[in-house]
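Engineer: 3D, please:
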Amino acid sequence: MVVSALVVVGTAGGTWLVHSIGPAFGIWWPAPSPQSYGSAVLGLMDSGLHATGQEWQTARADAAGRIEKATTHDEVDDILADAIKVAGGKHSFIMDAADLQDSIDSYTAPTSSMDGCVLTVTVPAFMGTAEQGTDYATTLADALGAEGVCAVVVDLRDNDGGDMGPMLAGLSPLLPDGVVTSFVSQGSTNDVTLKDGAIKGGGTPTSVGQRDKLDAPVAVLTSQTTASSGEQALLAFRGLDRTRVFGQATAGYASVNQSFPLYTGRTMVLTTGTSQARTGEQFGEEPIAPDVETPPEQAPAAAAEWLDSQS
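Structural biologist: A predicted model of the protein is given here:
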């Protein structure tokens, strides 16, 4: 179970406030019954991208009825796992703590290689600790700081998502400072911004420190595996001059997720909005097409040909 330490000072009103608002921040105090726990999480799901209309109302009522008969919190999680697919859609899920630990244990850093003056950086999926995120971003930014680079290939073909903060911070030498992308949720817009090598507003806030900007053509490689934060990394280049995308259309998970720590130690990842590129285009659950469609294994050659024409 998740145990949250909290000192409550004041009236019963303060206790009620913690009990009512706390679940949104992973604070479960006092310990909830299976029924009150399930009811609180269904309330959080009401902010889901698809939590409108009759379909959600029917699914919500069905989940509430099943929760009333549940005897354990784990049983409630099984019910919530069904409901979240309606409230949030295909990009939403409930993640076991063991799955997160597996991601931490299997951390893979970005890699780079040079062919003449063309630098290729491979940007893998990432879901790990803050320390790993800093290492990830720094490794990527350091590679982009190599001398003699005349063009860059950003390989996102195997990036199926995770934490976008370290990805964008690592790629910051290729991106102009300012608004990188925006999240649109329930009528409000929140910007993901880059300033002096620091990313804020999307994923874990991550900084690589101020770096020189690399003025070079950029080819981005994508595949049907490119998803979620991998698609956010792709959208960071949307609308930039001297940038071209090669490969396959992406998986179609560019919608915006919010994470909620659950009482059982699991994490609810709920889709709450869509992404808006600097071009004003909005992206959600549809694949993002490349500029030049080609099988993934042929994308590097197609990119190399285009980059050669840019010199």
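Engineer: In contact with A216, which residues?
Structural biologist: By C-beta atoms under 8 Å, 6 or more residues apart in numbering, A216 lies in contact with V149, C150, A151, V152, L174, R242. Glycine gets a C-beta too; all of them are placed from N, C-alpha and C.
Engineer: Which ChimeraX command selects the buried ones in the residues you listed?
Structural biologist: A single ChimeraX command selects the buried members of the contacts of A216 (16 or more other C-beta atoms under 10 Å):
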select :149,151,152,174
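Engineer: Dump stretch 142-149 to PDB, keeping only the CA atoms.
Structural biologist: What follows is stretch 142-149, C-alpha atoms only, in PDB (Å, rounded to 0.1, in the frame of the first residue of the first chain):
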ATOM      1  CA  ASP A 142      27.000  16.200 -25.300                       C
ATOM      2  CA  ALA A 143      26.800  14.100 -28.500                       C
ATOM      3  CA  LEU A 144      25.200  17.100 -30.300                       C
ATOM      4  CA  GLY A 145      28.000  19.300 -29.100                       C
ATOM      5  CA  ALA A 146      30.600  17.300 -31.100                       C
ATOM      6  CA  GLU A 147      32.900  19.400 -33.300                       C
ATOM      7  CA  GLY A 148      32.500  19.400 -37.100                       C
ATOM      8  CA  VAL A 149      28.800  18.400 -37.300                       C
END
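Engineer: what does that stretch rub up against?
Structural biologist: The contact list for stretch 142-149 (C-beta under 8 Å, 6+ apart) reads 110, 112, 114, 117-119, 121, 152, 170-171, 173-174, 211-212, 214, 216.
Engineer: and the strand of greatest length in the chain, how far out from the chain's middle?
Structural biologist: Ranked by residue count under DSSP state E, the longest strand found in the chain is strand 267-277. The chain centre lies 8 Å from the centre of strand 267-277; the measure is C-alpha atoms, centre = their mean, to the nearest Å.
Engineer: Which elements pack onto it?
Structural biologist: helix 34-45, helix 73-87, strand 93-95, strand 178-185, helix 229-235, strand 256-261, strand 282-283 (3 or more C-beta pairs under 8 Å, 6 or more residues apart in numbering; DSSP states H and E).
Engineer: Just tell me which of those ends up closest to Q298.
Structural biologist: Q298 sits nearest to helix 229-235 of all the helices and strands packed on strand 267-277, at 18.3 Å, using C-beta to C-beta.
Engineer: In contact with the spatially most central residue of the chain, which residues are there?
Structural biologist: When C-alpha atoms, centre = their mean is applied to the chain, the residue found nearest the centroid is S229 (4.1 Å). Residues counted as contacts of S229 (C-beta under 8 Å, 6+ apart) are A125, F126, N159, G161, G162, D163, M164, M167, G203.
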